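K.L.:
fold the following.
(one chain, ligands or ions: 1)
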Amino acid sequence: MKNVSSYTLQATVTTLLTLGAGSAAAVPLPGGTLDPLTIPKYVTPLVIPPVMNKTGVDATGGDLYDIAVRQFKQQILPGGIWNSINGRTDAFPATTIWSYGPAADPAPDSSSLGGAAGVAPAPNSQFNYPSYTVENTKDVKTTVNWINDLVDANGNALPHLFAVDQSLHWANPLANCKSGEVRSDCAGVSAAPYTGPVPIVTHVHGAHVGSSGDGYTEAWWLPNANNINCVPRDANGVLTATPTGLDTATNTWNVACEGNIANQLTDNTGTLDPNTNNPANGGQGIGRFAYPNDQPSTTLWYHDHSLGMTRLNVMAGPAGFWLVRDALAVGGETGLAAGSVLPAPAPIAGETLATTNFPTAMGGSREKYREIPIVIQGRSFNADGSLFYPDNRAFFEGLNVAGTDAGGNGQFPAGSGELQIDMNPATSDIAPIWNPEAFFNTMVVNGVTWPQL
Ligand SMILES: [Cu+2]
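P.N.:
Model (predicted):
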């Protein structure tokens, strides 16, 4: 017994030493096809997020916003617009992402700054990742029309950037439940990635708000897209037919266009109105949430919250700061330790991306800011600039190989005798795409890799 123990200990120590040697060699975490060691560090200026433009003021004096989530490109890796600022010649491609911005704004165009049409950061549009900051005043209501605008140039629904696992309990527009029910919040029956229109519901993390405006995970909605036909719900919120999904002949989706909203939103702090902008086909596209902001001044953030796919929607980009300030507090803000003040100045409404980010020599006032919100995120990239996210369970198991199991399902080596796991949702509860955890190999801060401040 003693010999076995000591052998086990020795083997463990040897393993740890081996792992340590591996770390010292700085082999990146497995991920996309872009080796993070090829990305130059600290050459890109940290982006100081400007303040989001509001649409106006509502009848009660509260702030009103129309905020859409859209797909566009952004120069997250070195190159493009950043070469104009740092004088380098980096040539990494822009990255396709999603994020929020004022619905009135056009697509980003940074061609005047060495970027390209369709690529953020851009001077003509507040669409940016992370999203511009929503500034709020304590006890002043903010109302936001959250618009799912994930459509292409023809107005047709965009698919997700990443592989969506339909076998989880998720915001399921196909309502094809493993349980046999016809519901829009259930585990589906297909092992294949979902390619239909993407559910969105926005949550302000930490906000004092009733359930109607809290971004309830099951209360999602689809974009108002040309190629979607909505299955109506009855007065009790029950779907009146089984969605038929994609009609390949017409490229049209017959789906549930929103989650089971009616039964879950019972308070009156806000109104959820997903039917605002498209009465012709049953309506979808907008959720109107109201936030009383009746809490001490604080740093919050807003992000997507859709059932069973929050990880994917947030990884795609849409998130930003939601600051609550107390204009009346002595010293500037509530919630601070007695006698302390925020360093200030912070970006304020009306200041542009150029103002907050260009140095004085280039016409901005970047040097003056002392309150700079920072969001640090892990990402991995492919060589074409696209974001990497694992699209199969084998990635987690460390077996990233092509093949099918005996049932014809993907990912594991056929006939190898290794890990012949049943991942068919009809007969298994092992998710074929979802990973229990994932780690990423590139640090992204305020929307750029390894920036400097
Ligand atoms: Cu959150």
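K.L.:
tell me which residue is most central in this protein.
P.N.:
The chain has V314 as the residue nearest its centroid, 2.2 Å off, counting by CA atoms, centre = their mean.
K.L.:
tell me which residues touch that one, please.
P.N.:
By CB atoms under 8 Å, 6 or more residues apart in numbering, the contact set of V314 is H303, D304. Backbone N, C-alpha and C define where each C-beta goes, glycine included.
K.L.:
please enumerate the helices of the stretch 251-400 of the chain.
P.N.:
310-315, 353-357, 393-397 (DSSP state H, counting those that start in this stretch).
K.L.:
show me what the second one is packed against.
P.N.:
When you say that, I think you mean helix 353-357. Using 3 or more CB pairs under 8 Å, 6 or more residues apart in numbering; DSSP states H and E as the contact test, no helix or strand touches helix 353-357.
K.L.:
now find how far off-centre it is within its chain.
P.N.:
Counting by CA atoms, centre = their mean, to the nearest Å, helix 353-357 is centred 24 Å from the centre of its parent chain.
K.L.:
put the alpha carbons of that helix into CSV.
P.N.:
Extracted in CSV, the C-alpha atoms of helix 353-357 (Å, rounded to 0.1, in the frame of the first residue of the first chain):
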residue,chain,number,x,y,z
LEU,A,353,-15.9,58.7,-30.6
ALA,A,354,-13.2,61.1,-32.0
THR,A,355,-13.6,63.4,-29.0
THR,A,356,-13.2,60.7,-26.4
ASN,A,357,-10.5,58.7,-28.2
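K.L.:
from here on, call the first residue 6.
P.N.:
In the new numbering, first residue 6, that becomes helix 358-362.
K.L.:
what does that helix contact?
P.N.:
Residues contacting helix 358-362 (CB under 8 Å, 6+ apart): 50, 52-55, 126-128, 131, 133, 352, 367-371, 374.
K.L.:
apply 6 Å and report the result again.
P.N.:
I53, P55, P126, P128, P352, G369, S370, R371 (CB atoms under 6 Å, 6 or more residues apart in numbering).
K.L.:
one more: stretch 42-51?
P.N.:
Contact partners of stretch 42-51, identified using CB under 6 Å, 6+ apart, comprise P83, W87, N91, R93, N451, V453, T454, W455, P456, Q457, L458.
K.L.:
quick one, what contacts the last one?
P.N.:
Spelled out, that is L458. L51.
K.L.:
quick one: it from L51, how far?
P.N.:
4 Å (CB to CB, to the nearest Å).
K.L.:
if we can go back for a sec, adding pLDDT and neighbour count, write the contacts of helix 358-362 out as JSON lines.
P.N.:
Putting these into JSON lines (pLDDT from 0 to 100; neighbours: other CB atoms under 10 Å) gives the following:
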{"residue": "I53", "pLDDT": "97", "neighbour count": "22"}
{"residue": "P55", "pLDDT": "97", "neighbour count": "22"}
{"residue": "P126", "pLDDT": "96", "neighbour count": "27"}
{"residue": "P128", "pLDDT": "93", "neighbour count": "16"}
{"residue": "P352", "pLDDT": "93", "neighbour count": "24"}
{"residue": "G369", "pLDDT": "93", "neighbour count": "18"}
{"residue": "S370", "pLDDT": "94", "neighbour count": "16"}
{"residue": "R371", "pLDDT": "94", "neighbour count": "19"}
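K.L.:
need the residues you listed in TSV with distance to E263, can you?
P.N.:
Listed next are the contacts of helix 358-362 as TSV, based on distance: CB to CB, whole Å:
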residue	distance to E263
I53	36
P55	32
P126	32
P128	35
P352	35
G369	42
S370	44
R371	42
